[in-house]
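Q: Okay, sequence plus prediction incoming.
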Amino acid sequence: MPRDLPGPSGGTHFDFAVISALTQAGHAVRVYQLPGDWPRPTPADRRALQTALLAQPLAVVDGIVALAAPTEIEAAVRMGIRVHILVHSLLTADPGLDHDARSAFTMAESAALAVASSSSVPSQWSATDIATRYPGVRTHVVPPGTSPAPPAVGSDPPQLLVLAALTPLKNQLHALQALALLSDLPWTLELVGSDELDPAYVGRLRHSIEHDIGPGRVTLRGAVTGEALDALWEATDLLVLTSTSETFGMVITEALARGVPAVVTGATGAAEALRGQGVGDGPVPVVGLPGAVVDPSDPAVLADTLRLWLSEDGVRSSWRSAALARRPRLQTWHQSAAALARIMTA
């Protein structure tokens, strides 16, 4: 797994949670945290990966590393190493890539998935997406687990939370554009996530907060972890996730673990996370869901959905009840680790 990623990420959280669960289940796990600017490795970075791959008969490699190194993956497989790729997100999902980078990543990830012994993704949506992009590649679905958490208390006025790295892929500007249309209603927003990946985009967010929304509404915090993040969750009433691409969105099930409903964009794995495992994408009724799935292309649609939740006590109560009902049915990390172990030893 990569060592030098800036800020916390869902993929890294998945890796460490599964490592812990596998260890607790009695599996011997040796962790290699590889230096380097993955997924743009230097020759030295590639040699470090090759050394790690050959150290054990079975290797599980984070996708941000493996998808950028098909030659090293193929060489290890040819030497009898079973190599499994954890695909948290495709390298080509980044909307900021230029043509040359996108072409290079497309070739690399296609080759890596083709030569690996096996691979897994966090949602059926993601598996279908890969099969469409790269015919013949079959991936297993291993949804992320969740850790138990107390129900959130919420705030007055209602506190919304957007929790994701501050990048165009996570599309926080979409949420700000929608909330700018709701100045007549009481609400606050916590905008939380690593601000190191795209300083120019963070600048656009700051400009929107200042000029479109105004003071006193939005707090831009950067990355938050540990007890500080727990405190934010405790005060949250609604999660908003506006990603343009999302293989799952672990933050959604983290919200549901606290009884917090979510509004997410459709045509991504986030809709699957909100609905529950094994349910495909498609039109979604509001009733019975712990939130709503909205059109990712139109901030006005998101604004209308948020207005409904902010204005109608019945909607807020229904979403909250549905979120609380999901808490005991969420997959655990031990279940995720067991599913991964079955794939690797099959």
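A: Great, that's in hand.

Q: Centre of this structure to the edge, which residue is at the far end?
A: For the chain, the residue at maximal distance from the C-alpha centroid (CA atoms, centre = their mean) is residue 79, at 33.1 Å.

Q: Give me the phi and psi for it.
A: Phi and psi for residue 79, reported as degrees, to the nearest 10, are phi -90, psi 10.

Q: Quick check: next helix or strand after the helix or strand hosting residue 120?
A: Applying DSSP states H and E as the criterion places residue 120 in strand 118-121. Helices and strands here follow DSSP H and E; after strand 118-121, the next one along the chain is helix 124-133.

Q: which ones are touching the residue nearest the centre of the chain?
A: Centroid-nearest residue in the chain: residue 249, 3.5 Å away (criterion: CA atoms, centre = their mean). Counting by CB atoms under 8 Å, 6 or more residues apart in numbering, residue 249 touches 10, 241, 243, 264, 268-270, 273. For every residue, glycine as well, the C-beta is placed using N, CA and C.

Q: Mind putting the residues you listed into TSV with distance to residue 190?
A: Formatted as TSV, the contacts of residue 249 follow (distance: CB to CB, whole Å):
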residue	distance to residue 190
10	18
241	13
243	17
264	17
268	22
269	23
270	19
273	20
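
Q: wait, which of the residues you listed is closest to residue 47?
A: For the contacts of residue 249, the minimum distance to residue 47 (CB to CB) is 28.2 Å, reached by residue 10.

Q: Leaving out chain neighbours, which residue sits closest to that closest one?
A: Closest residue to residue 10 apart from its sequence neighbours, by CB to CB, 6 or more residues apart in numbering: residue 250 at 4.7 Å.

Q: these two touch, right, the one you found and residue 14?
A: Yes. Applying CB atoms under 8 Å, one finds residue 250 in contact with residue 14, separated by 6.8 Å.

Q: so what sits against both of the two?
A: With CB under 8 Å, 6+ apart, residue 250 and residue 14 have common neighbours 122, 144.

Q: Give me the neighbour count for residue 100.
A: By other CB atoms under 10 Å, 8 other residues sit near residue 100.

Q: Report the secondary structure element holding it.
A: helix 99-115.

Q: Now do that helix: everything it contacts.
A: Outside helix 99-115, the residues that reach it (CB under 8 Å, 6+ apart) are 39, 66-70, 73-74, 77, 85, 87, 90-92, 97, 119, 130, 133-134, 136-137, 139.

Q: Can you list the buried residues in stretch 25-33?
A: Of all the residues in stretch 25-33, those buried under the rule 16 or more other CB atoms under 10 Å are residue 32.

Q: The residue nearest to residue 10: what's it in contact with?
A: 10, 13-14, 122, 144, 146, 273.

Q: where does it sit relative to residue 320, distance-wise?
A: The gap separating residue 250 from residue 320 is 21 Å, by CB to CB, to the nearest Å.

Q: Equivalent analysis for residue 330, please.
A: Distance from residue 330 to residue 320, by CB to CB: 16 Å.

Q: Could you do residue 57 as well?
A: Note on residue 57: its distance to residue 320, by CB to CB, is 48 Å.

Q: what separates the nearest residue to residue 198 once chain neighbours are set aside from residue 95, distance-wise?
A: Excluding the flanking residues, the one nearest residue 198 by CB to CB, 6+ apart is residue 167, at 4.9 Å. Applying CB to CB, the value for residue 167 to residue 95 is 9 Å.
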